[in-house]
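**Student:** sequence below, structure please.
(chains A and B)
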Amino acid sequence: MGQMVEIRWHGRGGQGAKTASLLLADAAFNTGKYVQGFPEYGPERMGAPITAYNRISSEKINVHSNIYEPDYVVVVDETLISSVDVTKGLKEDGAIVINSAKSPDEVRKHLKGYKGKVCTIDAGQISIDTLGKFFPNTPMLGAIVKVSGIMNEEDFLKDMEGSFKHKFATKPQVIEGNMNALKRSMQEVRGL
Amino acid sequence: MAIRERLSGNEAVANAMRQINPDVVAAFPITPSTEIPQYFSQFVANGKVDTVFVPVESEHSAMSACIGSQASGARTMTATSSCGLALMYEMLYVAASCRLPIIMSAVNRALSGPININNDHSDSMGARDSGWIQLYAETNQEAYDNFIQAVRIGEHADVRLPVMACQDGFITSHAVENIELIEDEKVKAFVGQYKPENYMLNPERPMAVGPYDTVNYYMEHKRQQAQGMINAKQVIMDVAAEFKAMTGREYGMIETYRLDDAEAAIVCIGSSAGTAKVTVDKLRAEGKKVGLLKIRVFRPFPTEEISKALTHVKAVAVMDKAEGFSAQGGPLGADVRAALYNDPFKAKIVNYIYGLGGRDVTVTSLEQVYNEMLEIAETGIVGETYRYLSVRE
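**Tutor:** Alright, predicted model coming up:
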């Protein structure tokens, strides 16, 4: 139990929070871990707040509930901070990673007195620079791997390259952009 | 060597279906089982299987197509959930009474109303008297393993009944987790070729399927059908033994967890059993004698196994993810009470209704149940025997 890491994702329908949680599960699985990746389903539609979860452990995972006291929280859409209690139950020795151009100190003011680590990453800008489109989930994935240290960074990048080659077999031109998005976010995440 | 993978429960069942390569799959999409025919129809389109996929216009038609297909001698499968299962209702009874071993992946979802897409067991519990064998899975692994074993159980000459292999909607169907897949050729060898004794298109032995049955014979046919269900228990155990020899994974009618010296126990079905195991470990670490009994097979009901496993337990919480509207509890509660009635050391029993329409089942909520049972074990005072868990009143 002590070795299990629990992560909660907040995003809006269509932004890829669920996909990012499944990609993280994939990457952790490929480094030999036991994983869970699952969204919380309801009447979601484009733009509505959604939640997704990850459990990552070196031992078999038996629990089948949502996550109420996560080690890490990832916020894919900054505007959710005003409408969703994103730090609810978040462990103080954990961290929250927010997609924002602002500094961690500026964002912290809106986090209801959360005392743990606050990290920000301008995932929107990175995705526009590297992919030419607003796909913040790939940079957010890089940022949470960096912040949480749940897997070796080189192994992660190598594995993701393999996944992208497989996933984008029909459009290889986007592989490099996605890899750059991951690398840049791992370098640029603030508040470590 | 087993194949280490990570799949959702729906992907796992679709892959089992691919490996089995049935003659016919007829299905109509409904959340949360939709992905199964969706993935499977891709396997059909890509030539991974040579199954005839029949897209139909309703679940009533899906089950009707399955009945026609299986009666003609073809190994046939389907998948559904909730209102889809309800729409099949009439045909479920026809499938069972015609002794047609159709295999269904039932992905459990609340049955209306109010309309709700999330998990509980009200759909398959409503079909518990239809004559189908019912297996329930805790994990994606069990959903996969049960689906493969279901073929051998249903088709066995002593049984010849349809099988519903159930898993919890979204909780396991849409959660990606680690799984060990069996190699394709081993699955194919395990399920073997379907060799029906009777089939409609056999010119040597022409027969009618599903005609009117007269007063003179109807009851004898129902008695024979009941015998198939009685016989199923031994076949389920035999198939499980063979499956263990192939995979190392052990299955029975029930599974027990730290129950041997327990004073308080939970009896439950499906994914909550995993959460209960974590709860048991936590309470055991605090010195509390608690254990778990998980129902894997609900039909035929494991009466003797439950009675034997719970004989020393002082207080038992039976957890129903379906409201029976009997004003005294749910279907599992009624059956477990009946199983223990002739036990001279009858445990005190409380029947909880929980997890309806996706209400989350957590370690904290199950801890509350165990603590309530420990209090009963200590004081001998049962109190209310029909309770709701995690509900606002």
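**Student:** count the neighbours of residue 179 for me.
**Tutor:** Looking at chain A here, since you left the chain open. Other residues lying near residue A:179 total 18 when counted by other Cβ atoms under 10 Å in any protein chain shown. For every residue, glycine as well, the C-beta is placed using N, CA and C.
**Student:** you looked at the wrong chain, it should be chain B
**Tutor:** 23.
**Student:** quick check: it is in a strand.
**Tutor:** Yes: Residue B:179 forms part of a strand when assessed by DSSP: H, G, I helix; E, B strand; the rest coil.
**Student:** tell me what it is bridged to.
**Tutor:** residue B:5 (DSSP bridges).
**Student:** buried sites along the helix or strand residue B:44 falls within?
**Tutor:** Using DSSP states H and E, residue B:44 sits within helix B:35-45. Neighbour-count burial for helix B:35-45, counted by 16 or more other Cβ atoms under 10 Å in any protein chain shown, picks out B:35-37, B:39-41, B:43-44.
**Student:** so the most far-flung residue of chain A relative to its centre: helix, strand or coil?
**Tutor:** In chain A, counting by Cα atoms, centre = their mean, residue A:170 sits farthest out from the average C-alpha position, at 25.6 Å. Following three-state DSSP, residue A:170 is assigned to coil.
**Student:** same check, this time on the one 4 residues further on
**Tutor:** For residue A:174, the reduced secondary structure class is helix; criterion used: three-state DSSP.
**Student:** distance check, it against chain B.
**Tutor:** 23 Å (Cβ to the nearest Cβ, to the nearest Å).
**Student:** can I assume that residue is in contact with residue A:131?
**Tutor:** Yes: with contact defined as Cβ atoms under 8 Å, residue A:174 and residue A:131 form a contacting pair (6.8 Å).
**Student:** pull out the buried positions in stretch B:92-101.
**Tutor:** In stretch B:92-101, residues buried by neighbour count (16+ other Cβ under 10 Å) are B:92, B:94-101.
**Student:** again but with stretch B:321-330, I slipped
**Tutor:** Buried residues in stretch B:321-330, counted by 16+ other Cβ under 10 Å: B:321-322, B:324, B:329-330.
**Student:** kindly report the same for stretch B:283-299.
**Tutor:** For stretch B:283-299, using 16+ other Cβ under 10 Å, the buried residues are B:283, B:288-299.
**Student:** ok so, going back, who are the packing partners of the helix or strand that the helix holding residue B:44 is followed by?
**Tutor:** The helix or strand immediately downstream of helix B:35-45 is strand B:52-55, counting by DSSP H and E. With contacts taken as 3 or more Cβ pairs under 8 Å, 6 or more residues apart in numbering or on different chains; DSSP states H and E, strand B:52-55 sits against strand B:24-27, helix B:35-45, helix B:59-71.
**Student:** got a list of contacts for strand B:52-55?
**Tutor:** Outside strand B:52-55, the residues that touch it by Cβ atoms under 8 Å, 6 or more residues apart in numbering or on different chains are B:23-28, B:37, B:40-41, B:44, B:62, B:65, B:69.
**Student:** what is the mean pLDDT for that strand?
**Tutor:** For strand B:52-55, mean pLDDT rounds to 98.
**Student:** could you tell me the per-residue confidence at residue 186?
**Tutor:** This is for chain A. 97.
**Student:** the intended chain is chain B.
**Tutor:** pLDDT, residue B:186: 98.
**Student:** so it, which of the three states?
**Tutor:** Residue B:186 ends up helix, using three-state DSSP.
**Student:** which residues does it contact?
**Tutor:** Residue B:186 makes contact with residue B:246, according to Cβ under 8 Å, 6+ apart.
**Student:** look up how far residue B:242 lies from it.
**Tutor:** Relative to residue B:242, residue B:186 is positioned 11 Å away (Cβ to Cβ, to the nearest Å).
**Student:** what of residue A:186?
**Tutor:** In terms of Cβ to Cβ, residue A:186 sits 49 Å off from residue B:242.
**Student:** neighbour-wise, which of those two wins?
**Tutor:** Set residue A:186 next to residue B:242 and count neighbours by other Cβ under 10 Å: residue A:186 wins out with 20 against 12.
**Student:** so which helix or strand takes in that one?
**Tutor:** Per DSSP H and E: helix A:175-188 holds residue A:186.
**Student:** correct me, but residue B:358 touches residue B:116?
**Tutor:** Yes: assessed by Cβ under 8 Å, residue B:358 is found in contact with residue B:116 at 6.8 Å.
**Student:** show me whatever sits in contact with both of those two.
**Tutor:** In contact with both residue B:358 and residue B:116: residue B:110, using Cβ under 8 Å, 6+ apart.
**Student:** around chain B, pick out the residues from chain A.
**Tutor:** Residues of chain A lying near chain B by Cβ under 8 Å from any Cβ of the partner chain: A:1, A:22, A:25-26, A:29, A:34-39, A:41-43, A:60-66, A:68.
**Student:** which of those residues are buried, as a ChimeraX select command?
**Tutor:** Buried subset of the residues of chain A next to chain B, written as a ChimeraX selection, criterion 16+ other Cβ under 10 Å:
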select /A:22,25,26,29,34,35,36,37,38,39,41,61,62,63,64,65,66
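**Student:** now, which of the residues of chain A next to chain B lie within strands?
**Tutor:** In strands, defined here by DSSP state E, the members of the residues of chain A next to chain B are A:34-39.
**Student:** just those: which has the poorest pLDDT?
**Tutor:** Within those, residue A:39 has the lowest pLDDT, namely 91.
**Student:** partners of that residue in the sheet?
**Tutor:** residue A:52.
**Student:** ok, now how distant is it from residue B:16?
**Tutor:** Residue A:39 is 23 Å from residue B:16, by Cβ to Cβ.
**Student:** any idea which element residue A:56 lies in?
**Tutor:** Using DSSP H and E, residue A:56 sits in strand A:49-57.
**Student:** which strands and helices sit next to that strand?
**Tutor:** strand A:5-12, helix A:17-30, strand A:34-39.
**Student:** now it: how far from the chain's centre is it?
**Tutor:** Centre-to-centre, strand A:49-57 and its host chain are 9 Å apart (Cα atoms, centre = their mean, to the nearest Å).
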